[in-house]
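Peer 1: coords please:
(chains A and B)
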Number of protein chains: 2
Amino acid sequence: MELRSATSEFVDQLKAVLPAAAFAADPAGFLQEPRGRWAGQGVVVSPDSVEEVSALVAACHGACVPVVPYSGGTGLVGGQVSAGGAVPVVLSLGRLGRIRRVYADENVMEVDAGAILADVQQRAADAGRLFPLSLASEGSARIGGLLATNAGGLNVIRYGNARAQCLGLEVVLADGTIWNGMSRLRKDNTGYDLRDLMIGSEGTLGVITGASLRLMPRPAEEATAMFVVPSPAAAVHLLGLAGDVLGETISGFELIHRQGFDFLDEAKLSYHAPFAQTPEWSVLMKVGMGQGQAPEAALTTLFEAAGDLVSDGIIAQSQAQADELWAIREMIPEGNRRIGSVSSHDISVPISAVPDFIDRAPGLLAQIDDFRINCFGHLGDGNLHYNVFPQPGRSRADHEHQRDAVKACVHDLVHEMGGSVSAEHGVGRLKVADLEKYADAAKLAMMRAIKQALDPRGILNPGAVLRG
Amino acid sequence: MELRSATSEFVDQLKAVLPAAAFAADPAGFLQEPRGRWAGQGVVVSPDSVEEVSALVAACHGACVPVVPYSGGTGLVGGQVSAGGAVPVVLSLGRLGRIRRVYADENVMEVDAGAILADVQQRAADAGRLFPLSLASEGSARIGGLLATNAGGLNVIRYGNARAQCLGLEVVLADGTIWNGMSRLRKDNTGYDLRDLMIGSEGTLGVITGASLRLMPRPAEEATAMFVVPSPAAAVHLLGLAGDVLGETISGFELIHRQGFDFLDEAKLSYHAPFAQTPEWSVLMKVGMGQGQAPEAALTTLFEAAGDLVSDGIIAQSQAQADELWAIREMIPEGNRRIGSVSSHDISVPISAVPDFIDRAPGLLAQIDDFRINCFGHLGDGNLHYNVFPQPGRSRADHEHQRDAVKACVHDLVHEMGGSVSAEHGVGRLKVADLEKYADAAKLAMMRAIKQALDPRGILNPGAVLRG
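Peer 2: Next up is the predicted model:
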């Protein structure tokens, strides 16, 4: 069926079924995305309850008007903006921000989909628990979008991505039906795993309105270390050794290249330099353990066992020192933004293939032009942010004509190595063509069949993930 | 489309595309299931490769002949036997038993779907790693069936169920198409989560032929304790306290009622009695930690912190003593079998609701008749095996006419408390009516739409999960 634009007549129709407050938001902020690649369009509506979301989606379904769910707006692949085609309703989750209930005894928190990640983290902390999802945009990212995109971040090595933090969902389906799947159960094998199908579907199969989240024990003792490694291969071996020594207590294992530090200098972002000489490659790791355990001592054991895998290292002696080290890692994306990348890549390869990837990619890129590369990220997950920059004195505009070639160069190599061209950011609108190019044909056919089955009119976030 | 039986003409057709060895299995063993509730029917075919599975399923698809995938045959809900309707091809995974490759450095093992769980565990151990899935039937259960049913078992509290152990799948779809999703990636957000959709779909959406499994660090130091608790409520509080003290190092947290011990006595199964007097309620727990840690000391800390929550306890002082304690837990299902239950229930409720459930269910059952109840299971997951038995001198046959009422009594209460009527065994053919009765209507409608989209002819395990 052909999609139709949200006309003023249609909006009048909506105003008959939804309260005036649902139409009070200033649309401007909802029609942009952080990378500025798209200027969106749409009529912004902010329902205040799952029933209002249901009424809104049902009306859109009846009129064949597209619905673009908008959560925190922090997504990096354009999943939250519609730049063309029929003018959609932009369904903001901004007023659905309640923490519904905390069950501290069972490590569960029920929330509205519009709850902000930092608030969820704080409420878990208040209850003596941990909500482990953690990423740069946690002050504005909302749970619904984090689940819809299966967000990753810093703690995935230990706790898994957003999907692993979710026990149950409440979802409004394409025709406005409410699916109540707000389970607090740890085990439920009654039927297909629709929860995990909705998670990561980027609003194309349903609109998440509520979630039942899994909390974790809060590590009583934490420690942070930064180790200088001679090579990415040494970093991978160190990761294996760390598993032997530290078991599942590793909460973060980040690889950092010298380019990241150099960009902080160049962008005049101030940080506390951890070593007299900036290391070519370093690993930043965090360990969390229970009461009475000694994570610093365990990191010392690792350092001593590491031999040639580590040439220098710092084990933070205070929380302040640990914070300084993590501030460097968290500042790197801002450094990148200030320099301005030609192309950024959120890629993953099998962990043991990481060194080979880092070895081969620069030579291939050099065939296109002379670039600077900032390679950093979640080595513990095989997930690298592999970002390509102009040399000093040149701008990203100078390389605009090469962007597609750069992207294809990186993505082709990733694909050849059995990797993913979107490790944690999702497909959105940015990588629809990549998905078509690289995905297994049977997978694509199944995805299309499922989309057709659950959203036959194609109103849910059309053009995201799959071509509309 | 109407399903047709696998006639001798159809088998001749299959013999033209598959080697003779695929038809060599003695069918007898494949047409039964462990609880003896169904006598199956079908033509057993045992392909030796994913290509042979593909050719077989394509032929069945062309002829509209049902395919019933058969893995280890240990499932307890009849998912592996077709007792009526068109005679199916029973697709045995028995010859697809290879361990394809171990990537110890990245904690990954690639296997054929017919690999036996105990073999996978052993190969992981040989590589210094742990494959944590562990259950009573591990000597014969195969990976394909374990994934198709999202099996649980003893270590779920720490490591998750079968789904959590899987990074990627190779699946033959309804028309014979091979989906190669054998990813070794920790993070991949390119499109819908078809892996988790296949896992737990019990062979109704595709036939799993291979899997890429996640391995874990092997805990260097383990300890086991059995604590006597005054009540299930105390056991739940002990679980919360254990999380505070021991973090994520708890590998098992099992609740045991005195009835389990009494049945071992009655069934003349010998075991080493841990206490002078058999406790009414006890908790069996295992803790696993890294090198240089002291799990026994941590269990002692827990015992001391527990106060009134624990009235007596044993911390195993040797591996032999730990094995003796776990042998009791592992023998309980055999004790149950020898006594003969009226009805068994694999249920879960929110963890904090467990005491209330255990409190209320006996009174409701007593309105039906005078029963003995053996309640035990994975308290750490809110998963109880709540099994109802005749009083001494009476047999299950005496209660045959009450079985449905007993089941409905237990399941109605579980449903009222937000629980699941199949926590870890799946739906199979046994619980199709329960799923229809208790599932959210929107969930059922989505499941049917997905089944129709991915298997429009309905040839894959018809009658399992959803009514055929």
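
Peer 1: so who does the residue minimising distance to the centre of chain A touch?
Peer 2: Centroid-nearest residue in chain A: A:Ala151, 3.2 Å away (criterion: CA atoms, centre = their mean). By CB atoms under 8 Å, 6 or more residues apart in numbering or on different chains, the contact set of A:Ala151 is A:133, A:135, A:141, A:145, A:161-162, A:424. For every residue, glycine as well, the C-beta is placed using N, CA and C.

Peer 1: can you tell me the closest non-neighbouring residue to the single nearest residue of the stretch 1-150 of chain A relative to chain B?
Peer 2: Distances between the stretch 1-150 of chain A and chain B by CB to the nearest CB are smallest at A:Glu106, namely 4.2 Å. In this structure, A:Glu106 finds its nearest non-sequential neighbour in B:Ile351, 4.2 Å apart by CB to CB, 6 or more residues apart in numbering or on different chains.

Peer 1: can I assume that neighbour is in contact with A:Arg214?
Peer 2: No - at 11.5 Å, B:Ile351 does not count as touching A:Arg214 under the criterion of CB atoms under 8 Å.

Peer 1: for chain A, which helix is longest?
Peer 2: When chain A is parsed with DSSP state H, its longest helix is helix A:319-339.

Peer 1: hmm, who's touching that one?
Peer 2: Residues contacting helix A:319-339 (CB under 8 Å, 6+ apart): A:136, A:154, A:222-224, A:226, A:254, A:256, A:260-261, A:263-264, A:266-267, A:269, A:271-272, A:274, A:284, A:286, A:314, A:316, A:344, A:374, A:376, A:385, A:387, A:389.

Peer 1: now, those that are in helices?
Peer 2: Applying DSSP H to those, the entries found in helices are A:260-261, A:263-264, A:266.

Peer 1: which of those residues sits closest to chain B?
Peer 2: Out of the ones in helices among the contacts of helix A:319-339, the member with the shortest distance to chain B (by CB to the nearest CB) is A:Gly260, at 20.1 Å.

Peer 1: identify the residues contacting the closest one.
Peer 2: Taking CB under 8 Å, 6+ apart, we find A:Gly260 in contact with A:328, A:332, A:335, A:374, A:376.

Peer 1: is the fourth one in a bridge, and if so with what?
Peer 2: In this entry, A:Asn374 is beta-bridged to A:Asn387, by DSSP bridges.

Peer 1: and it, how far from chain B?
Peer 2: Using CB to the nearest CB, to the nearest Å, we find A:Asn374 at a distance of 19 Å from chain B.

Peer 1: do I have it right that that residue meets A:Phe389?
Peer 2: Yes - the criterion here is CB under 8 Å, and A:Asn374 meets it with A:Phe389 at 6.4 Å.

Peer 1: so which residues of the stretch 351-468 of chain A form helices?
Peer 2: All helices of the stretch 351-468 of chain A, identified by DSSP state H, counting those that start in this stretch, fall at A:354-366, A:403-416, A:432-438, A:441-454.

Peer 1: mind listing what's buried in the second one?
Peer 2: Yep, that's helix A:403-416 we're talking about. By neighbour count with 16 or more other CB atoms under 10 Å in any protein chain shown, helix A:403-416 contains the buried residues A:405-407, A:409-411, A:413-415.

Peer 1: thinking again about what came up before, any shared contact partners between A:Asn374 and A:Phe389?
Peer 2: Both A:Asn374 and A:Phe389 are contacted by A:263, A:336, A:341, under the criterion CB under 8 Å, 6+ apart.

Peer 1: JSON lines for those, including pLDDT and neighbour count?
Peer 2: Shown next, in JSON lines, are these (pLDDT from 0 to 100; neighbours: other CB atoms under 10 Å in any protein chain shown):
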{"residue": "A:Phe263", "pLDDT": "98", "neighbour count": "23"}
{"residue": "A:Asn336", "pLDDT": "96", "neighbour count": "21"}
{"residue": "A:Ser341", "pLDDT": "95", "neighbour count": "22"}
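
Peer 1: distance to A:Leu18 added to these, as a markdown table?
Peer 2: Formatted as a markdown table, the shared contacts of A:Asn374 and A:Phe389 follow (distance: CB to CB, whole Å):
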| residue | distance to A:Leu18 |
| --- | --- |
| A:Phe263 | 46 |
| A:Asn336 | 41 |
| A:Ser341 | 41 |
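
Peer 1: quick check: the gap between the closest residue to A:Arg467 other than its chain neighbours and A:Ser341.
Peer 2: Spatial nearest neighbour of A:Arg467, excluding adjacent residues (CB to CB, 6+ apart): A:Val432 at 5.8 Å. The gap separating A:Val432 from A:Ser341 is 21 Å, by CB to CB, to the nearest Å.

Peer 1: what do you get for A:Gly97?
Peer 2: Computed as CB to CB, the A:Gly97 to A:Ser341 distance reads 33 Å.

Peer 1: before we move on, what about A:Leu325?
Peer 2: 24 Å.

Peer 1: now A:Glu2
Peer 2: According to CB to CB, A:Glu2 stands 38 Å off from A:Ser341.

Peer 1: before we move on, the earlier item: got the contacts of A:Gly260 as CSV, with neighbour count columns?
Peer 2: Converted to CSV, the contacts of A:Gly260 look like this (neighbours: other CB atoms under 10 Å in any protein chain shown):
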residue, neighbour count
A:Ile328, 22
A:Ile332, 25
A:Gly335, 22
A:Asn374, 25
A:Phe376, 22
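
Peer 1: quick check: domain ranges of chain A?
Peer 2: What automatic domain parsing lists as the domains of chain A is A:99-217, A:221-339, A:346-416.

Peer 1: deepest of those, which one?
Peer 2: Most buried of these, by mean neighbour count (mean count of other CB atoms under 10 Å in any protein chain shown): domain A:99-217, with a mean of 23.

Peer 1: quote the end-to-end distance of that one.
Peer 2: Criterion CA to CA, to the nearest Å; first-to-last residue distance in domain A:99-217 is 19 Å.
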